[in-house]
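Participant: Sequence unavailable; structure follows:
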């Protein structure tokens, strides 16, 4: 029972970070219908940013999120403006390869700057935990879970209540119609990519105190982000949140009750089952 | 003009076009390379070039002609490689039979993939194809009794190849591998040409252009998509088997990893998708470029031309970083090709030529 | 054409003695400079660069031809083909990974080029009877046996749990560890592999904790070691000893995490405080030059290059003579005594004495075997601070 | 004799009825017009007939065979072909190749398919464009290409979905003549069209749909004088 609840809780907490990565990807996909293969690499850049702010300026990772979010937003917006906007109408395989190429450039540039060494960010609380009914809960993960929840709530408010948020949603629903309604679709795409990137970067920042950093770390998370977004329904923020937590728990439970080796297979099988039986995702609306 | 070439091509054989003549000449030249060139390094690079062409050409059938962008072709490559190696190591079955068995396994995997993924379109298909390849990779990692898990399978020496008692080759040099590779290139090209000049080719392309329209014109979508995938899977598995016997070692990341899948797609996109010469051109760009950067040949070439002196700070920088940066340059190349040559290098070259001729379409 | 090539080759061979001692000798290096293995490859690169300098001081000018294998066997083959036939090197040091080493070993045998593998662990590499392939480091089975031996001399553990990364190194090391533990009568209560780079091992560790093992044997190549120990701390796993096989547990970064790394035992090919000639000095100069602590990979690569280059220079770059020189030679340097011997099915394998080190107050101390120990092994594990 | 019978066909999307209880028959060799305001369910009905959606209720009977649930490719092979409201050229293939894809429905020989295709291109007077890429054609020629392509599948029943949409006077006239030509060859046709004058000219009978239901059916003269039809169209402020 203890093993069960312990793995449930750790799965939930990690799932929170996964959710952030997934939400970022789902916004980008929702608005642009582009699968961003550089998503994990963008997250990696967020991690390096956090790491350098911590080691060079001594800013605590959870505080530096306030700096990471705007910088990563600008970075994403720039990527969109310079590269992605040019291929919005291109063949889907070209869009995918463009993001793969951008990812390669990001990870290898970081490698040239920071070498391929593993960087570890150690804070005073990196391995602290507290106990709740005999279950140990990682302190940094708990903090990042709270921050994630806050950001998700904020995003919800943004998409539901603000004009820009509604314009982005309109663009996601029907690009052409949105254009006809006078929405600046290109600008919305830039904002969407910026948002997606800043969320990926934030996820990177939040995971930094309990994880490690190296230039090639992105691809693991890119794949995970795909699974999460499809699971939740591409374009659905609530779905991605749920998907992230689901994957976190599935991995955690899979490791205990199946085996650590097969747990990733569990995740991919789950992914295929959803694709086949409910391709719109658990919470997505059916595609036209 | 356009009609003429079309007519000639379609007549398939009754007309001998300059293209066929040139291809035959090129083949002849390639076949005579081992008797002229004795440098194993050169032969090795040629073999890598062949391998890349086979992989690209095989993917082209499903990705280029049929428009189903599989980013999971490592599954078939790995199926061929693993089947060949497992049969060779556990049961001492000669690799040529192993390759046949590998084709069977790849076909089965392909049909499973088809039954799952062909219900899906666009990005969903891409993701599903990745997922299947990843499941295969993780399974190879975990099924230790069969695949030896992460440790991989190391081949002992190959049995000599003999026909009726006479030993044709004992695989002690690169030459037999060279000819096997060349043979497989010819095979994939011939299959592609045959497909292109048959009902299959027309149907594949119709599906690529517009699935609904194709469906309404009497094309059984799932039948023809599965045919294309099956054909592509079988040929890709041959590339995998060839890789396995040539390198003599397989493990999950090197033959089933996501980067193999991506590399296969890149060969076609960089060369030019949906054309016979595309994968050849793509390989001609990628293989020498990555080898040149990797081994610093490009840096030393720059020094030899005297543009930059080796001892100068710039020279030193190049020497130190060019090899490190080869993956970076690869990435830049991909971005440049996608942004400025969306039809690949081949398409770009064609456009340039037609522009020079005065804009004839 | 062929003839001309042979003639050219002969001419080069004849020309070689003229360019003998004092002049330069050409050695190839195959290493994972980019790709997923690059973080560790970098240590080898640094070790070799140090060797190049030291050789120069000794009057041996080495002309190094660097080749990146990107961690892929077929690329390692390209590199070896090029070195053997185009660059005509006298010998090759590398590659780093086992998969690449295996591919290169075959070619070394074919082209008759001496290859000295500095740090690849897979046992089979030197078990194929290849006379042209030499290995500096002790193979995978020793990583495990030396650790279990150390634990057995210090206490009486009855049960052991395994958690290891699902890579070639991880599985093969724990495979031999399992066999060795069984031989020594220690019961295996958990056997868990993980894919490296996953952020959460808590559930797996909780599962292990429930089995109450006396020993926890971990194999991690990279920074996962820190994650594993952090999370073990979090959930309160407390065996008699943590045994760490492999590089992840022998980095300075790991030792610096005092809170979680204290008293962890790890097996290593080399330590800075071991009394092998020059080891301490190597560590000091390495830190001064590269601004970080040397790993055992760096030391292995350094010593491999020293031995290869000196032997090749002595034999004027003649491959056959270099091979014979490696086979016959005996060295005593920063890696202790080195001799490439044939034993227990191995060919040209340095029967290297691996060491067990324990982190005590954030510093690695060599604690086993007694002969080389600088501190006493602390057992059982007193708990996290 | 009826080549096509629509019997009580309904199609629901979620709770919404796009078609409800539509019934009519199309006589062999005739031209049946299908009209109605936007959103009346004309294209949905086409999709139900040609296999893109199975009808939720009711039957589609073609040449005496029940067609419900057959895939579009089977439907095409049985002799029923359609065009699309929004043209769907196979853009990166030549005009000739486009039509050959249609022809390959009946033959596996490329040579035979090429002959059929050239014949159909002749019918729509586009032989001179055979070598051009379909994606580069102007709208009028795209529509004609689409007609040639379905004709190449040698259908007995042809469903044309707004083939005159977006065309100028002269182009429309050409299409009208084409449709009448096709009729002469004995091919039954069902035509969705917004251009009232055109539909009155070519149709033998007309079915009027509003909000998914059949409003009325009759000869063009009957329909044009039907008060309900006039109301329905005026209600939509006449397009």
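Facilitator: Structure's in. What do you need? Only a predicted model underlies this, so the values are computations on that prediction, with no experimental measurement involved. Residues are numbered from 1 along each chain as shown, chains lettered A, B, ... in the order given.
Participant: Where do the strands of the chain begin and end?
Facilitator: Just so you know, I chose chain A. A:119-120, A:129-132, A:135-138, A:212-213 (DSSP state E).
Participant: I was thinking of chain D, sorry if that wasn't clear
Facilitator: Using DSSP E, strands in chain D cover D:2-13, D:16-27, D:31-35, D:57-62, D:65-66, D:80-82, D:157-161, D:188-192, D:205-210, D:213-218.
Participant: go on, the stretch 101-250 of chain B?
Facilitator: Applying DSSP state E, counting those that start in this stretch to the stretch 101-250 of chain B gives strands spanning B:153-154, B:161-163, B:166-169, B:249-250.
Participant: Show the pLDDT at residue 229.
Facilitator: Let's take chain A. The confidence metric pLDDT takes the value 88 at residue A:229.
Participant: Chain D, not that one
Facilitator: pLDDT, residue D:229: 83.
Participant: can you give me the helices in the chain?
Facilitator: Here I'm looking at chain A. Secondary structure of chain A (DSSP state H): helices located at A:2-32, A:39-57, A:61-82, A:92-114, A:139-161, A:163-173, A:175-180, A:185-207, A:218-232, A:237-257, A:263-277.
Participant: That was the other one, I meant chain D.
Facilitator: For chain D, the helices defined by DSSP H occupy D:42-49, D:72-77, D:95-103, D:110-123, D:139-151, D:169-184, D:196-202, D:220-225, D:227-235.
Participant: Out of the ones you listed, indicate the one that is most buried.
Facilitator: Neighbour counts (mean count of other C-beta atoms under 10 Å in any protein chain shown) averaged over each of the helices of chain D peak at helix D:95-103, with a mean of 29. From N, CA and C alone the C-beta is placed, and that goes for glycine too.
Participant: any idea of the mean pLDDT in stretch C:115-124?
Facilitator: 92.
Participant: near chain B, anything from it?
Facilitator: Yes - applying C-beta under 8 Å from any C-beta of the partner chain, one finds stretch C:115-124 touching chain B at C:122, C:124.
Participant: Walk me through the domains of chain C.
Facilitator: C:17-138+C:275-350, C:141-268+C:355-368 (automatic domain parsing).
Participant: so how far is the first one from its chain's centroid?
Facilitator: Meaning domain C:17-138+C:275-350. The chain centre lies 12 Å from the centre of domain C:17-138+C:275-350; the measure is C-alpha atoms, centre = their mean, to the nearest Å.
Participant: helices and strands of the chain: which one bottoms out on pLDDT?
Facilitator: Just going to use chain A. strand A:129-132 (a mean of 79; mean pLDDT, DSSP states H and E).
Participant: please go with chain D instead
Facilitator: For chain D, judged by mean pLDDT, DSSP H and E, that is helix D:227-235, with a mean of 77.
Participant: Quickly compare the strands of the stretch 101-250 of chain B and say which is most buried.
Facilitator: By mean neighbour count, with neighbours taken as mean count of other C-beta under 10 Å, strand B:249-250 ranks first of the strands of the stretch 101-250 of chain B at a mean of 26.
Participant: what pLDDT does the closest residue to chain B within the stretch 251-385 of chain C get?
Facilitator: Using C-beta to the nearest C-beta, the closest approach of the stretch 251-385 of chain C to chain B is made by residue C:290 at 14.3 Å. Here the pLDDT value assigned to residue C:290 is 91.
Participant: So, low pLDDT: which residues of the stretch 151-300 of chain B?
Facilitator: B:156-157 (pLDDT under 70).
Participant: Could you point out which of the strands of chain A sits nearest residue B:132?
Facilitator: strand A:212-213 (30.0 Å; C-beta to C-beta).
Participant: ok, and does the closest one reach over to chain C?
Facilitator: Yes - interface with chain C: strand A:212-213 contributes residue A:212 (C-beta under 8 Å from any C-beta).
Participant: Could you dump the strands of the stretch 101-250 of chain B into CSV and include distance to residue D:103?
Facilitator: Formatted as CSV, the strands of the stretch 101-250 of chain B follow (distance: least, C-beta to C-beta, whole Å):
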stretch, distance to residue D:103
strand B:153-154, 50
strand B:161-163, 46
strand B:166-169, 47
strand B:249-250, 46
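Participant: Let me have those in TSV, extended by distance to chain A.
Facilitator: Formatted as TSV, the strands of the stretch 101-250 of chain B follow (distance: least, C-beta to the nearest C-beta, whole Å):
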stretch	distance to chain A
strand B:153-154	18
strand B:161-163	38
strand B:166-169	39
strand B:249-250	19
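Participant: who wins for proximity to residue B:95 among those?
Facilitator: Comparison of the strands of the stretch 101-250 of chain B against residue B:95 by C-beta to C-beta identifies strand B:161-163 as nearest, at 9.0 Å.
Participant: what about the helices in chain C?
Facilitator: Going by DSSP H, chain C shows helices at C:2-18, C:38-57, C:73-81, C:98-111, C:140-154, C:168-183, C:202-210, C:224-235, C:252-256, C:258-261, C:279-290, C:296-314, C:319-328.
Participant: Including distance to residue A:146 and mean neighbour count, could the domains of chain C go into CSV?
Facilitator: Below are the domains of chain C laid out as CSV (distance: least, C-beta to C-beta, whole Å; neighbours: other C-beta atoms under 10 Å in any protein chain shown):
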stretch, distance to residue A:146, mean neighbour count
domain C:17-138+C:275-350, 33, 22
domain C:141-268+C:355-368, 18, 22
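Participant: want to throw the ones you listed into JSON lines with distance to residue B:149?
Facilitator: Putting the domains of chain C into JSON lines (distance: least, C-beta to C-beta, whole Å) gives the following:
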{"stretch": "domain C:17-138+C:275-350", "distance to residue B:149": "13"}
{"stretch": "domain C:141-268+C:355-368", "distance to residue B:149": "5"}
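Participant: okay, the angle between the least confident helix or strand of chain D and strand D:205-210?
Facilitator: Interaxial angle, helix D:227-235 versus strand D:205-210 (axes from the mean of the first three to the mean of the last three C-alpha atoms, to 10 degrees): 50 degrees.
Participant: and helix D:227-235 with strand D:31-35, angle?
Facilitator: Angle, helix D:227-235 to strand D:31-35, by the same axes, to 10 degrees: 50 degrees.
Participant: Report all helices and strands that helix D:227-235 contacts.
Facilitator: Taking 3 or more C-beta pairs under 8 Å, 6 or more residues apart in numbering or on different chains; DSSP states H and E as contact, the helices and strands that helix D:227-235 lies on are strand D:205-210, strand D:213-218.
Participant: do that again at 7 Å, thanks
Facilitator: Secondary-structure packing of helix D:227-235 (3 or more C-beta pairs under 7 Å, 6 or more residues apart in numbering or on different chains; DSSP states H and E): strand D:213-218.
Participant: Parallel or antiparallel, which strands does the strand it packs on pair with?
Facilitator: Strands that pair with strand D:213-218, judged by DSSP bridges, come out as strand D:205-210 (antiparallel).
Participant: pLDDT (mean, whole number) over the partner strand?
Facilitator: Here the average pLDDT along strand D:205-210 is 92.
Participant: right, and residue A:3 touches residue A:257 too?
Facilitator: No - using C-beta atoms under 7 Å, residue A:3 is not in contact with residue A:257, being 9.2 Å away.
Participant: For the residue nearest to residue D:101 when sequence neighbours are not counted, which residues are in contact?
Facilitator: Of all residues not flanking residue D:101 in the chain, residue B:206 sits nearest, at 4.5 Å (C-beta to C-beta, 6 or more residues apart in numbering or on different chains). Listed by C-beta atoms under 7 Å, 6 or more residues apart in numbering or on different chains, the contact partners of residue B:206 are B:214, B:217, B:219, D:90, D:101.
Participant: can you rerun that using 8 Å?
Facilitator: Residue B:206 makes contact with B:213-214, B:217, B:219, D:90, D:93, D:101 under the criterion C-beta atoms under 8 Å, 6 or more residues apart in numbering or on different chains.
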